[in-house]
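S.K.: Have a look; sequence and predicted model below, questions after that.
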Amino acid sequence: MQHVLVLNAGSSSIKFAVFGAQLDHGGALPAQLRGEVDELGGSARLSACDGDARPLRVDGFDGASHPLESLMRWLAPRFGGMPPAVAGHRVAFGGLEFAAPALITPAVLKKLRALVPFAPLHQPANLAPIEWLAERRHDLAQVACFDSSFHRTQPALAQRYGLPRALHDAGARRYGFHGLSYEYIAGRLPRIDPRAAAGRTIVAHLGSGASLCALRNGTSVATTMGFSALSGAMMATRPGELDPGIVIWLLRERGIALADAEHMLYHECGLKGVGGSADMRILLASREAHAREAVELFVYRAVREIGSLAAALGGLDALVFTAGIGEHAAPVRAAIAEGCRWLGVELDPRGNAQPDLGTARAACVSGTTSRVPVWVIPTDEEQMIARHSLRLMQSPAGTRRMSP
């Protein structure tokens, strides 16, 4: 049986998954295993589980060697004696040209490298495993799936900044990110809540990186991230919405070097900068005033963004929480819902405290009197990457790639 390998690479870790190449009865590709290689800067560590989330032994993984070489060697016997049909990758930024997944060719890879200045901390990490495999696994087809592509459906005005037209034409516009996550949720909604799927839904992807997206009939019409992954909602280590005058002040008046300012904005702000920890679990358990303030600010910013997105939609038919904080932090969901009562949002305290995802892998946590249904739906970016990659390989372009 053929398999699809998915690599979701960051600066300090690589999430990976292996999927079967045949859709199941629910229209999804069955996960064979999932895992993560972290501590990429030192002695890399591997953790993995099977398709039923049972931990796997990781004997034979050499953390001192190149992490991707060690991972591929560890995965080889788990492909059932066959190499993967395709390797799919998450790439943060596709710019204006890549509005859909792309089969990797030397020309495509050159274009993706040229986009690094638009996402200087994410794009190089995303491209590293593509380049490594291209050099060492020439026969392995690779597909890039872009986090920005899903938002290309937004109206032209929603993508514009109030900047001179020449800068807009040069690429200074709102792109948005977390598109693979939003696409997955949009694909799940028709089976879970058909009215929400056909109407006005706000999805809150709240994790280490956090953003929110307004969906109308399953398509993106507005999102909180813009030109970069720094904007919008407050995040674990990123500030979110920020007056650009602050950056000018940092550089001119505080004498901070550009590289140091960039590092601070990406790694020292947000929950970490306000509360002293980037981990929402630690902040929620703390009695420190700074920790409480960080949580309250995170909630306040999310509520503000929901109000803005509801205005873009002209109302609200459903609210969805997903990603690490959205799926697991019940107090954060409760506080955000309380701030959205004016939109008709009310939670069921018991259901919110312990969402029953059941076999549908979704839980409605709104109260019986809530005018707006509230859902907790675990996201699965790797599933979307696998589906896109397999679909592209089965297309004429993929067939030509596999021909002798």
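M.R.: Structure received.
S.K.: where does the stretch 51-200 of the chain dip in pLDDT?
M.R.: 63-64, 80-81 (pLDDT under 70).
S.K.: what ranges do the helices span in it?
M.R.: Assigned by DSSP state H, counting those that start in this stretch, the stretch 51-200 of the chain shows helices spanning 67-75, 106-114, 123-136, 165-170, 179-192, 194-198.
S.K.: of these, which approaches residue 273 most closely?
M.R.: Closest to residue 273 of these is helix 123-136 (Cβ to Cβ; 22.2 Å). C-beta coordinates here come from the backbone N, C-alpha and C atoms, glycine included.
S.K.: Report the contact partners of residue 73.
M.R.: Residues counted as contacts of residue 73 (Cβ atoms under 8 Å, 6 or more residues apart in numbering) are 60, 62.
S.K.: Can you say which helix or strand has the nearest residue to residue 155 once chain neighbours are set aside in it?
M.R.: Once flanking residues are discounted, residue 155 sits nearest to residue 221: 6.7 Å by Cβ to Cβ, 6 or more residues apart in numbering. Following DSSP states H and E, one finds residue 221 within strand 219-223.
S.K.: Using CSV, write out the CA atom coordinates for that strand.
M.R.: Taking C-alpha atoms only, strand 219-223 is exported to CSV below (Å, rounded to 0.1, in the frame of the first residue of the first chain):
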residue,chain,number,x,y,z
THR,A,219,-14.6,30.7,2.3
SER,A,220,-12.3,33.3,3.9
VAL,A,221,-13.6,36.9,3.8
ALA,A,222,-11.4,38.4,6.5
THR,A,223,-8.7,37.3,8.9
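S.K.: quick one: strands adjacent to that strand?
M.R.: As defined by DSSP bridges, the strand partners of strand 219-223 come to strand 210-216 (antiparallel).
S.K.: ok, residues contacting stretch 385-398?
M.R.: For stretch 385-398, contacts defined as Cβ under 8 Å, 6+ apart pick out 4, 6, 8, 17, 19, 21, 28-29, 85-90, 101-103, 141, 143, 145, 180, 399, 401-402.
S.K.: Show me the chain divided up by domain.
M.R.: The chain breaks down into these domains under automatic domain parsing: 3-153, 193-381.
S.K.: wait, what's in contact with the residue nearest in space to the middle of the chain?
M.R.: In the chain, the centroid-proximal residue (Cα atoms, centre = their mean) is residue 178; its distance is 3.7 Å. Shown in contact with residue 178 (Cβ under 8 Å, 6+ apart): 147, 205, 209, 211, 213, 223, 225, 323.
S.K.: Could you rerun that using 6 Å?
M.R.: Taking Cβ atoms under 6 Å, 6 or more residues apart in numbering, we find residue 178 in contact with 205, 211.
S.K.: And for residue 159?
M.R.: 173-174.
S.K.: re the thing from before, what residues of the helix or strand just after the strand holding residue 221 count as buried?
M.R.: Note on strand 219-223: by DSSP H and E, the next helix or strand toward the C-terminus is helix 244-252. The neighbour-count check on helix 244-252 (16 or more other Cβ atoms under 10 Å) flags 247, 250 as buried.
S.K.: buried ones in the helix or strand that helix 244-252 is followed by?
M.R.: Note on helix 244-252: by DSSP H and E, the next helix or strand toward the C-terminus is helix 258-267. The neighbour-count check on helix 258-267 (16+ other Cβ under 10 Å) flags 265-267 as buried.
S.K.: Just the residues contacting helix 258-267, thanks.
M.R.: Here helix 258-267 has contacts from 121, 230, 237-238, 250, using Cβ under 6 Å, 6+ apart.
S.K.: now that helix against helix 244-252, angle please.
M.R.: Inter-element angle recorded for helix 258-267 and helix 244-252: 140 degrees (by axes from the mean of the first three to the mean of the last three Cα atoms, to 10 degrees).
S.K.: What count of nearby residues applies to the nearest residue to residue 74 once chain neighbours are set aside?
M.R.: Once flanking residues are discounted, residue 74 sits nearest to residue 61: 4.8 Å by Cβ to Cβ, 6+ apart. Residues within reach of residue 61, counting by other Cβ atoms under 10 Å, total 20.
S.K.: pretty sure residue 61 is in contact with residue 70, am I right?
M.R.: Yes. Between residue 61 and residue 70 there is a contact at 5.5 Å, judged by Cβ atoms under 6 Å.
S.K.: all strands of the chain, in order?
M.R.: Applying DSSP state E to the chain gives strands spanning 3-9, 13-20, 31-38, 45-50, 86-91, 102-103, 142-146, 200-206, 210-216, 219-223, 318-322, 363-364, 374-376.
S.K.: Wait, residue 93 touches residue 116, no?
M.R.: No. Counting by Cβ under 6 Å, residue 93 sits too far from residue 116 to count as a contact (8.5 Å).
S.K.: Retrieve the pLDDT associated with residue 225.
M.R.: pLDDT, residue 225: 96.
S.K.: OK, contacts around it?
M.R.: So residue 225 contacts 176-177, 211, 231-232 (Cβ under 6 Å, 6+ apart).
S.K.: so which of these comes closest to residue 367?
M.R.: residue 211 (26.3 Å).
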